[in-house]
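Enquirer: Pasting a predicted model and its sequence here:
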Protein chains: 2
Amino acid sequence: MQAVRIVLVNTSHPGNIGAAARAMKNMGLERLCLVDPQMFPSAEATARASGADDLLAAAHCVDSLEAALADTSLVIGASARNRTLPVPMLDPRQCAELVMQQPEATNTAIVFGRERTGLTNDELDCCHYLVQIPANPAYPSLNVAAAVQVISYELRMAAGLSLDRPGSRHRYATTEEMELFYQHLEETLLAIEFLDAGNPRQLMRRLRRLFGRARPNENEVNILRGVLTAIQQRRGNPMP
Amino acid sequence: MQAVRIVLVNTSHPGNIGAAARAMKNMGLERLCLVDPQMFPSAEATARASGADDLLAAAHCVDSLEAALADTSLVIGASARNRTLPVPMLDPRQCAELVMQQPEATNTAIVFGRERTGLTNDELDCCHYLVQIPANPAYPSLNVAAAVQVISYELRMAAGLSLDRPGSRHRYATTEEMELFYQHLEETLLAIEFLDAGNPRQLMRRLRRLFGRARPNENEVNILRGVLTAIQQRRGNPMP
């Protein structure tokens, strides 16, 4: 539970930040990260946090989602809508099981979007998985703090039931390492003229989803970057 | 779900009534009963209910818990504390299973007490079961609307009203398509001299594991093979 952070993106209402902090502390979560909150700190956040104002005081405030995710290696985005993205969609119970199956000390972020509009497609592209709370199709959009409550509750339930963690010889690549890989990949695809600089985005998004699903470990990212470097070194060096 | 009512006893803050109504409607519950609320109706309740103001408008307001429970035959009380009462204590999942096991049209009430003090002993005596949400022992008391959210969520999960799985526009690549991709990949890695023909196997195994985990769809395999073809076409064509 200590390796799990809740990330709230561009929250409008400070009361929701406070209520989310209370829900987290009730369930035993401690790490709150706020990306560009519209109003924070705020008396309303503190009031709604009730006894969880220590979480607010310790909250990390950052400017961008990338900064919030830099040292994480599992990122799960909350989505109220059915998306056609090829990203695995979990319900909250499956989400909690996934988190509890990670090797210890896998920095994990669960990301909640704006009250009205949720997460953008670019933000969803940062996620390895999506989690959706099953809801009334006629009225599916939960309050963001209520959504934090449900996800945190399932984490607590799963933590109480879970077995020993599987060991892994390699840690997963962090978001920052993956970003460096994607930059390297994009440069290389431009150099070999596979990527059209005039309309680059859809291709990189698709590749991000593909590699994001695979969740490479640090060793695998090193292999992939080695491949890219080998391609670049063909510069002026004709293929056999 | 239609036979389940949520009963809020002597709620202090109208915002909590509104937030509880929203949580209920999100999860597909419709019947809200208010026992002696301290302020209702209220603009704050309506604001926090968001689009669930129809539940507020239809809420039953009564003077006593007995009146709220008169036509029910299963009563479950929410309790934040460990009680020494000889009443079975359930967690939210067990509570939802119990409710779903009832014969159809068994009127069921789930009763939530005051923000600060919960339910009195007399009120608990009206309950067949208690439900307790597992929580941080150092900070166990949930906001009442957050508690309604968790219990309602478990009811929805137990009712089997889980996610509509999003369809995928693309089928997964077949084993044969993946084998053709791996052959193409191996040829290309040999051509750029990243792969040592003298000891090729460990690298290809690692890459197979990586791409195997991602389970590419047919479209993604086409993209990857397009990249490989672009690399091969650099033959004799120096990088910029």
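Expert: Nice, thanks for sending it over.
Enquirer: could you show me where the helices are in chain A, in order?
Expert: A:14-27, A:43-49, A:53-57, A:65-69, A:92-101, A:121-124, A:144-161, A:175-191, A:201-214, A:218-232 (DSSP state H).
Enquirer: Let me know which of these is tucked in deepest.
Expert: By mean neighbour count, with neighbours taken as mean count of other CB atoms under 10 Å in any protein chain shown, helix A:14-27 ranks first of those at a mean of 27. C-betas here are computed from N, CA, C, even on glycine.
Enquirer: For it, name the packing helices and strands.
Expert: strand A:4-9, strand A:31-35, helix A:43-49, helix A:53-57, helix A:144-161, helix B:144-158 (3 or more CB pairs under 8 Å, 6 or more residues apart in numbering or on different chains; DSSP states H and E).
Enquirer: Now do that helix, average pLDDT.
Expert: Mean pLDDT, computed over helix A:14-27, is 98.
Enquirer: Looking at the helices of chain A, which is nearest to B:Y172?
Expert: When these are compared by CB to CB, helix A:201-214 sits nearest B:Y172, at 11.6 Å.
Enquirer: That closest one to helix B:218-233, inter-axis angle?
Expert: Interaxial angle, helix A:201-214 versus helix B:218-233 (axes from the mean of the first three to the mean of the last three CA atoms, to 10 degrees): 110 degrees.
Enquirer: I'd like the helices and strands packed on helix A:14-27 written out as JSON lines, with mean pLDDT and distance to B:M204 added.
Expert: Shown next, in JSON lines, are these (pLDDT from 0 to 100; distance: least, CB to CB, whole Å):
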{"stretch": "strand A:4-9", "mean pLDDT": "98", "distance to B:M204": "36"}
{"stretch": "strand A:31-35", "mean pLDDT": "98", "distance to B:M204": "39"}
{"stretch": "helix A:43-49", "mean pLDDT": "97", "distance to B:M204": "53"}
{"stretch": "helix A:53-57", "mean pLDDT": "97", "distance to B:M204": "48"}
{"stretch": "helix A:144-161", "mean pLDDT": "94", "distance to B:M204": "36"}
{"stretch": "helix B:144-158", "mean pLDDT": "97", "distance to B:M204": "43"}
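Enquirer: will you turn these into CSV that also has distance to A:E97?
Expert: Below are the helices and strands packed on helix A:14-27 laid out as CSV (distance: least, CB to CB, whole Å):
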stretch, distance to A:E97
strand A:4-9, 13
strand A:31-35, 20
helix A:43-49, 29
helix A:53-57, 25
helix A:144-161, 6
helix B:144-158, 13
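Enquirer: where does chain A have low pLDDT?
Expert: Within chain A, the segments meeting pLDDT under 70 span A:82-83, A:86, A:161-169, A:235-240.
Enquirer: still on that earlier bit, out of the helices and strands packed on helix A:14-27, which comes closest to B:E187?
Expert: It's strand A:4-9; of the helices and strands packed on helix A:14-27, that one is closest to B:E187 (CB to CB) at 42.3 Å.
Enquirer: That closest one: partners in the sheet, and parallel or antiparallel?
Expert: Paired strands of strand A:4-9, with direction, are strand A:31-35 (parallel), strand A:108-112 (parallel) (DSSP bridges).
Enquirer: Out of the ones you listed, which is the most enclosed?
Expert: Ranked by mean neighbour count, the strands paired with strand A:4-9 are led by strand A:108-112 with a mean of 25 (mean count of other CB under 10 Å).
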